[in-house]
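Participant: Have a look; sequence and predicted model below, questions after that.
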There are 2 protein chains.
Amino acid sequence: MNEENALSVFSVLSNATRLRILKALVTAGDKGLLAGEIATAVDATPSRASFHLSSMAETGLISSERQSRQIIYSANYERIGELVKYLLEDCCQNSPAVLSCCDIPKAK
Amino acid sequence: MNEENALSVFSVLSNATRLRILKALVTAGDKGLLAGEIATAVDATPSRASFHLSSMAETGLISSERQSRQIIYSANYERIGELVKYLLEDCCQNSPAVLSCCDIPKAK
DNA sequence: ACTATATTTCAATTATTGTTGAAATAAAAG
DNA sequence: CTTTTATTTCAACAATAATTGAAATATAGT
């Protein structure tokens, strides 16, 4: 992940609707959730949810697959991991101060 | 860190100038950097740097201390750590898939 | 007090994002 | 081939955020 990617992922995560969508999808696990279920879960209109879902998909944070009339979205765990890695390594150069604050064992 | 805090930290990190300021401050370490040095480092006007610095300070990501005529800013490692923790635990419920993607050993 | 330096604040402007509801698209069923 | 359901797209508008440069504040030196 480069700086440009990280900026757009941070931007995606800086909106309450989108952050909640991500949480809902992570909670749902690999089976994912339908677009309509997501809209209901985060209390958004279908068009608003769709708008946010597409920006999330654009950054690689989630992906989608059509299943007949519906669309299943699911979280991309790797992408979230990459963001954490970017934060720890690129932004913070594995600063021990940061690592200890987030309960990450120092063995790398 | 709660959702509201996380949203504002993500928002702070979603701007290139601010992300670079954070990197510069983390790189500078505990001694920090003067406001003017930061502006130069990230190629911003003093007023633009000051504007961004204050939103960063508001979210707790950095802190400042006046030293005679100048102001020294430094990164708050703990706050960054809290954000990573929020991402891993609250957003991702310590999903092993996420942890393995960011090279974090599984021992918790 | 006066001047110089470092930084912040403010108001005006511009740019970017988010919301809404209506129309469009896609797929399935009658 | 018309209707129904699920979702997306679009255009208009509203809300937020960023940039600029000038003025204000704070501190130190003369």
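Facilitator: Cool, the structure landed.

Participant: Any part of the helix or strand containing A:Ser64 near DNA strand C?
Facilitator: Assessed by DSSP states H and E, A:Ser64 sits inside strand A:62-67. Yes - looking at strand A:62-67 against DNA strand C by C-beta under 7 Å from any atom of the strand, the contacts come from A:Arg66. All C-beta spots, glycine's among them, are computed from the backbone N, C-alpha and C.

Participant: Who are the packing partners of that strand?
Facilitator: Here strand A:62-67 touches helix A:16-28, helix A:46-58, strand A:70-75, going by 3 or more C-beta pairs under 8 Å, 6 or more residues apart in numbering or on different chains; DSSP states H and E.

Participant: the inter-axis angle of the helix or strand following the shortest one versus helix B:77-85?
Facilitator: This points to strand A:70-75. Downstream of strand A:70-75, the first helix or strand assigned by DSSP H and E is helix A:77-85. Here the directions of helix A:77-85 and helix B:77-85 differ by 180 degrees (axes from the mean of the first three to the mean of the last three C-alpha atoms, to 10 degrees).

Participant: Go through the helices and strands packed on strand A:62-67 and name the closest to chain B.
Facilitator: helix A:16-28 (5.2 Å; C-beta to the nearest C-beta).

Participant: touching DNA strand C at all, the closest one?
Facilitator: Yes - counting by C-beta under 7 Å from any atom of the strand, DNA strand C has neighbours in helix A:16-28: A:Thr17.

Participant: Now do the buried residues in the strand holding A:Ser64.
Facilitator: Residues of strand A:62-67 classed as buried: A:Ile62 (neighbour count, 16 or more other C-beta atoms under 10 Å in any protein chain shown).

Participant: Likewise for stretch A:16-30?
Facilitator: Quick answer for stretch A:16-30 (16+ other C-beta under 10 Å): A:Thr17, A:Arg18, A:Leu19, A:Arg20, A:Ile21, A:Leu22, A:Lys23, A:Ala24, A:Leu25, A:Val26, A:Ala28.

Participant: who does the strand holding A:Ser64 pair up with?
Facilitator: strand A:70-75 (antiparallel) (DSSP bridges).

Participant: Could you export the partner strand as CSV, CA atoms only?
Facilitator: What follows is strand A:70-75 as a C-alpha-only set of coordinates in CSV (Å, rounded to 0.1, in the frame of the first residue of the first chain):
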residue,chain,number,x,y,z
GLN,A,70,-29.0,-9.2,-5.4
ILE,A,71,-25.4,-8.1,-4.7
ILE,A,72,-23.3,-9.6,-2.0
TYR,A,73,-20.7,-7.5,-0.4
SER,A,74,-17.9,-8.7,1.8
ALA,A,75,-15.0,-7.3,3.7
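
Participant: Give me the buried stretch members for it, please.
Facilitator: For strand A:70-75, using 16+ other C-beta under 10 Å, the buried residues are A:Ile71, A:Ile72, A:Tyr73, A:Ser74, A:Ala75.

Participant: Thank you kindly, that will do.
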